[in-house]
Every structure is written in C-alpha cells, then in structure tokens.
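Participant: Need a 3D model of the sequence below.
(2 chains)
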Number of protein chains: 2
Amino acid sequence: MSAITQNERPATTARYSSLAPPRRYLFGPGPSMVHPRVYEALSKPIVGHLDPFFIQVMQDIQQLLRAPFGAGDGTTMVISGTGSAGMEASVANFVESGTKLAVFANGYFCDRIIEMGKRQGANVVRFEKPWGTTFSDKEAADFIRREKPQLVAYVHAETSTGAVQAGSAICSAAHDAGALVIADCVTSLGGIPVDAATTGIDIAYSCSQKGLSCPPGLSPMFLSQRAMTWLGARSSPVRSWYLDLKLIYDYSTVSHRYHHTAPISMFYALREALVVIAEEGIENRWERHRRCHDAFVKGVEAMGLRMLVPEGQRISTLNTVCVPEGVDEAKVRRRLLDAQGIEILGGFGPLAGKVFRIGIMGPLATEENVQFLLEELRKSLTAEGYRP
Amino acid sequence: MSAITQNERPATTARYSSLAPPRRYLFGPGPSMVHPRVYEALSKPIVGHLDPFFIQVMQDIQQLLRAPFGAGDGTTMVISGTGSAGMEASVANFVESGTKLAVFANGYFCDRIIEMGKRQGANVVRFEKPWGTTFSDKEAADFIRREKPQLVAYVHAETSTGAVQAGSAICSAAHDAGALVIADCVTSLGGIPVDAATTGIDIAYSCSQKGLSCPPGLSPMFLSQRAMTWLGARSSPVRSWYLDLKLIYDYSTVSHRYHHTAPISMFYALREALVVIAEEGIENRWERHRRCHDAFVKGVEAMGLRMLVPEGQRISTLNTVCVPEGVDEAKVRRRLLDAQGIEILGGFGPLAGKVFRIGIMGPLATEENVQFLLEELRKSLTAEGYRP
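Facilitator: Model prediction:
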C-alpha cells in the first residue's frame, strides 16, 4: 500500500500514443470475444439516464434476458458493475447479520462467495470437494438437511475448473429447509441453459461478457418471486447502497426514480448483444456452443490430451484440458499468444500448472475457429516437446 | 417489488429495432456530452484484463488523472462502477463500526453520503444549511472542533444546487482533530480545479462523465498518503469486497493480481478522454469552462434571470438558474427537448420547480454553443409567457 510507484513517475504533458489494442483471439475463460455489432452499439451517442429512450433500452434488456436465464415467472434486472458486483449484490441483499449461509465449495468462485458472506456478517458453513468435481444430488441434499441454512449458494459453471453443477437437488432441498438459493451463472448465461425458474434458483447473477459476447462491465441478474418477496419484507438495511436491489429495481423497472447514473454506453452494448442472441435463437446458440465443444474435445483427445472434468459435467463453453506430463504450460500459452495472438489461460490455485482453460464462446464458436485453435495448440505443444 | 410488469409481457422472438438514439445536446448536470474520440476508443477491440496492454491502459489512466485531481504526492485509481460506487468505496473503506462521521449537509449528495455512512455502521453527525448555500471557514472549523469526528465528508461541487464548497478550512480543522476528509468531486473533476493535495483532501471520488467527457460507468479516485497509510493499517475487513480499495489498488497498481474483470472498453474510453484533456492542458480546460460560464451568466442576467448561488460560489460547469415567477419550468424544458433536442434538468427536493440545472461541459463548452443555448432558452421561456 505505498504510493511510490506512481509518484516516482514525472508529471507529464507528453502526448500519449493513440489507443491501438493488439489483435487477440480471446480463447480464454474471459473476457471473451465481442460481437462486431456490439462495438457499433457501444459507440452510439449517449442520452440521459432518465431519457425515455434509455428507459426503453433498460426494459428491452430485462425482456431479452428472460430466455437466456429461463426466467419463468421471475424478474430480471441489471447491476452497474461487473459479475463480481452481481455476486456482491446477491450476497449483500440476502444476508443479514447472522444469516446461516451454506456454500458448495469446489472451486475459486465459491470461496469468493464465502469471503463476501463473511464480510456481510453471515455464519458460513462450507461443503468442500476437490476442484473439478461436482456434488451429487444426494450429497447436496444431505448437506442442506444437516445444516438447515437460511441461504444456499453454489456455482453453476465454475470458471476455475470447467465443471457444471446441477442445481435441482440443491434448490429442492433448500426450499424444503426454507432457504433461498443463489446460483453463480457468470460463465453459463448465454452459453449453456441456465433454466433458473425450472431449476428453482432464487437469485442468479452473471456478467455481460463470456456467453453474452459483450464487453465486461455489467451484471445481469435474475430473482424468483420468492426472492422478491423476501427482499420486500427485509427490514434491516442492505449495507450496500450502490447494490441495494430494491432501489435498483425501483429505478430500472417501477418508478424510474434516480438511483445512480447508469453506464449508458454499456447498456447500449448489452442490449445489442442480447438482440444478436435473440435473432440467433437461444436454443440454437446453446446447440452451436455444444457442437463446438464436442468438436474441440474430440480434437484434443485425438492429440492424446485428457479433459479434467468427466463427460456430462463439463461447461460446453469453457474447457479445462490437462497439461501433459513434462510440458511447461506457460510456454505453450506464450507461444500461442506470440505466434497468433491467441489467448488461452492456465489454471490457478490447486490447478496451477495443471490445466489449460480454453473458452470457445460467442463469435469464436464456429467449427472453423475450433479447427484453427486445435491446429495452433498442437503446433505449440509440439514445439514445447510434447509427443502424443 | 412486484414482478408483474415484466411478466405480463409475452415472451418474444420478434426482432428488436436497431439501436437509434435520438440526437441530444446534453446541457443537463449529467450525463454530459462525450468527446467523439472517446466513442472511437470505446469501440476498439478488447483484450484480457491481465493483458500487458490493458495494464498499461490502467497505468496511463492513473497518471493522466494526476493533473485533474491535483494529486501531489497522493495516489489515483479507478473503481469499476459509477460515481456513486466511488462514493460507496470512500465511505465503506474509511468507516468502521462506530466511526464518527461528520457531514456538511447542504444538498442532495451529502444526504447520500449520510445514508451510506449509516448503512456502514457510522455514527453520523450533520451540519445542515439550506440547499444552495455553503459553509464559511469559521462555520466549518467550529463544527469540526466541537464534534471531534474521525471522518469528515463534504461535497466539493454539489450537483443538486450548483454551489462549490471550499475545502481548505475543513481539511485543516479535520487534520487538527486527527480526522480524514472525503470530498465528493463528481461534478468538479476535469471542469474546475480540484487541487486535492494542496487543499488537504484525503479521499476524493468522481465519475467518468461530466467534466471528463466520457460516458458514465467508472469512478476515478484520489487517496492521500495519509489515507493510504490509514487503509494499510485498517484491521477490520471492509464490508464490500467489490469496492475494497486495498484489493483494487493491488490489482491495478502493485501485483496486477486478479480482483475482478475490469470493464475494458470503459477503461479505453476513460484513457482517451484523459488524453484529450492532457492535450488541451488542464488549466486551459478550466479556463475554457470558466469563460463559457461567464458568458452564460451574463446572458441569463441580460434576460432578467437570477442565478441561485452567489457569485464566487458557483460551479462553473453547472449553472442553477432561478425559474422566473409564473413560469412552468417543466414546460420550458419539454419545449427545449422537443424543438432542439436540448436536455436541461430542473431542481429537486427543496429546489423542485425553482431552478433550471444547466451544465456547460466538455465539447459543449464553446462560446458558440453558449449563444445557441441562450437563444433557445430565451425562445422557450418567452413561449411559456415569460416577459423580462
């Protein structure tokens, strides 16, 4: 926490060069490739945050989010912050001092939920399993029956491991116990079905990037009627004013009374991203991602590589491929970046050095791009000494 | 808190029309007109949030913010949320349970600070004066000496009233009492001098729009060495993880360790906005805004109108003009919007119906635009029955 780094640099009036981002193929877990039409929308002239035109943009977004979320009779809205702000909104609005929060912990982002829960005063209990594994219906239900929490949280698609956690048994047991359920859908929304209403999720949050092919900056949210009722009855103030969902819902959906000045351009971009998705059809989009995932898995397995997560539990938009014995994964990634501008990421925490994390999402999810990626990955692995 | 509004609308697969924002001259208090080069930067291809190119963008922004803030030996950084997120970051990071927070309350945004302070567990004392007035050096110092707070907050340029609050006496008395000082610079940064270091401000936050001519979405911040030291020694966890300044500082300036996925496009935009400002020269920019303000005041006074705030205490980028007796201000504004796409806003709270709030900022701050605005305002007032 020292300011020295900044202060040693001289005050400057020199010209800064024009912004010229390098060309990247964003095949990492995120941020992911943005659709060209979204960039166009980003650069359209802004209007006021209470302008009828902008109110309509917010309403369009709420409506367009319903299919990706599978919103049923629930409510959708958008938080003016990144996916992590959506996580904090979910935790802060549904935790009161002493709330018992049960978290399924099998990756990085569950730990972040736990950290946020503690900071908000929750009494957190965790059910831990190794990164890359998931919880069976029975394990999930037993944990909830034993702990009797008031709030349950799990990560639907865990970005750090590539695993999908089924939610129905969690939600069903939680509701039997009178608890609400938070699902982290940051990596799932727009890429794989979320099915929030039929699964029984009460609170879901995501991001504007990844499966939605918009730049990062906003957090779409889903709330069940049960969650809305709970929130309406909450008497203690939410500690965060900026992320107070009652105030945000009122601004965006009910009275349009000023809360904060929404990031107008980012809302333009998110609307366009969602229109692109609606035009493709959400089922078609899920299917396209699944096809590309299948082709990718087939390709890496043909190279003699192994997937970390068992079949049937994999996120189809984010692949975790085990690094073969004796290969320096950082060098493989560096080579891909230098040779072709391809960004893939490695693992971290318990998976550091052990996996590549490779996202195939949005505009990149085509058969052609998958073959290009496989070929470049093969070249880079070979250059680093890998022999299948 | 009912979901009915959303649910009654049918699920849709219909095409949404292409995004076509109406042409607006944003002469309100914000969001304000965006510089054309900033729109260009917004639409450049994104890279990863840990890409060396993006780290450089963050560093450029930190450096470029130093002159507008008058950062001296302090630190600058950026929060991934709007100005209100910056306010919450300031309050949440420097309030612990029971912290005595003294607030100078002469407008809307002081009340928002108070609301946030209470939610974070502060013991808040307020010194209230009517909207549009300011606190004298003696009033400020007496209040602080009497209350002996640990944290003091004031609004440098109050968007709801158009008044500038001088900060030196506040900061000096606060430091004598061992307190840190938060200054809301949402409406001042980039438009009028903030002089954070020489004034003695410890924590300042602003927005990316208004004086910086970038779309809303980010919150630039300034922290004095005193504030950084205090933060480094803080032992209780900040309740907000998303707005935890130690974590954000570490990500953006020190280790570049992942905290959240920054809104890449918005950072591109903010960098470009700040480069435009550096090219003009911050002093030239302040002077340009002051000249336009003077011309505007001269113009409205020539029409027989009166400014709400006394000369010498006015924000030069945001003018509050008293609505003349018998004129319906909403109709005047509606006419301006319909005839020319000119957005100005009215007052609210105690000033509802009593003032026009007219911002002349960034690309709109030219003599020509001021004359255009004055002429249209005159026409609209006359049409609503005003005779000077």
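Participant: Now do the SS call for A:Ser84.
Facilitator: Here A:Ser84 is recorded as helix under DSSP: H, G, I helix; E, B strand; the rest coil.
Participant: Quick check: nearest residue in space to it, chain neighbours excluded?
Facilitator: Spatially, and ignoring its direct neighbours in sequence, A:Ser84 is nearest to B:His260 (4.0 Å; CB to CB, 6 or more residues apart in numbering or on different chains). From N, CA and C alone the C-beta is placed, and that goes for glycine too.
Participant: Can you report phi and psi for the one you found?
Facilitator: Dihedral pair for B:His260: phi -140, psi 170, per degrees, to the nearest 10.
Participant: Can you report how many residues lie near it?
Facilitator: Applying other CB atoms under 10 Å in any protein chain shown, we find 22 other residues in the vicinity of B:His260.
Participant: for it, what are its contacts?
Facilitator: A:82-85, B:80, B:242, B:251 (CB atoms under 8 Å, 6 or more residues apart in numbering or on different chains).
Participant: In the stretch 151-300 of chain A, where is pLDDT below threshold?
Facilitator: Within the stretch 151-300 of chain A, no stretch has pLDDT under 70.
Participant: which among the contacts of B:His260 gets closest to A:Ser172?
Facilitator: Closest to A:Ser172 out of the contacts of B:His260 is A:Gly83 (26.1 Å), distances taken as CB to CB.
Participant: Could you look up the SS state of the closest residue to the closest one other than its chain neighbours?
Facilitator: Distances taken as CB to CB, 6+ apart place A:Cys207 nearest to A:Gly83, at 3.3 Å, with adjacent residues excluded. Secondary structure assignment for A:Cys207 (three-state DSSP): coil.
Participant: thinking A:Cys207 is in contact with A:Pro215, fair?
Facilitator: No. Taking contacts as CB atoms under 8 Å, A:Cys207 lies outside contact range of A:Pro215: 9.9 Å.
Participant: Helix or strand next in line after whichever strand or helix holds A:Asp60, which one?
Facilitator: Assigned by DSSP states H and E, A:Asp60 belongs to helix A:52-64. Remark: after helix A:52-64, the chain's next helix or strand is helix A:66-69, criterion DSSP H and E.
Participant: Which elements pack onto that following helix?
Facilitator: Applying 3 or more CB pairs under 8 Å, 6 or more residues apart in numbering or on different chains; DSSP states H and E, we find helix A:66-69 packed against strand A:219-223, helix A:264-280.
Participant: For A:Arg112, which residues are in contact?
Facilitator: A:84, A:87, B:241 are the contacts of A:Arg112 under CB under 8 Å, 6+ apart.
Participant: Using CSV, please lay out these together with distance to A:Lys44 and neighbour count.
Facilitator: Formatted as CSV, the contacts of A:Arg112 follow (distance: CB to CB, whole Å; neighbours: other CB atoms under 10 Å in any protein chain shown):
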residue, distance to A:Lys44, neighbour count
A:Ser84, 27, 22
A:Met87, 29, 30
B:Trp241, 33, 24
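Participant: nearest to B:Ile46, of those residues?
Facilitator: A:Ser84 (17.3 Å).
Participant: Out of the helices and strands packed on helix A:66-69, which one sits most buried?
Facilitator: strand A:219-223 (a mean of 28; mean count of other CB atoms under 10 Å in any protein chain shown).
Participant: and the angle for that strand with helix A:52-64?
Facilitator: 60 degrees (axes from the mean of the first three to the mean of the last three CA atoms, to 10 degrees).
Participant: one step back: of the contacts of B:His260 - the most surrounded one?
Facilitator: B:Tyr242 (32 neighbours).
Participant: Give me the secondary structure label for it.
Facilitator: coil.
Participant: Please apply the same query to A:Gly190.
Facilitator: A:Gly190 is classified as coil under three-state DSSP.
Participant: Skip the chain neighbours and tell me the closest residue to it.
Facilitator: Beyond its immediate neighbours in the sequence, the residue positioned closest to A:Gly190 (CB to CB, 6+ apart) is A:Gly211, lying 3.0 Å away.
Participant: give the contact list for the one you found.
Facilitator: A:Gly211 touches A:32, A:68, A:187-192, A:289, A:317, A:361-362, counting by CB under 8 Å, 6+ apart.
Participant: Identify the farthest-apart pair in those residues.
Facilitator: Maximum distance among the contacts of A:Gly211 (CB to CB): 14.9 Å, for A:Ser32 and A:Pro68.
Participant: Who has more neighbours out of those two?
Facilitator: Neighbours were counted for A:Ser32 and for A:Pro68 using other CB under 10 Å; A:Ser32 has more, 32 against 28.
Participant: hang on, that one in a strand?
Facilitator: No. Applying three-state DSSP, one finds A:Ser32 to be coil, outside a strand.
Participant: Spatially nearest residue to it, not counting backbone neighbours?
Facilitator: Closest to A:Ser32 by CB to CB, 6+ apart is A:Met361, at 4.6 Å.
Participant: For the one you found, which residues are in contact?
Facilitator: A:32-33, A:191, A:210-211, A:213, A:289, A:317-318.
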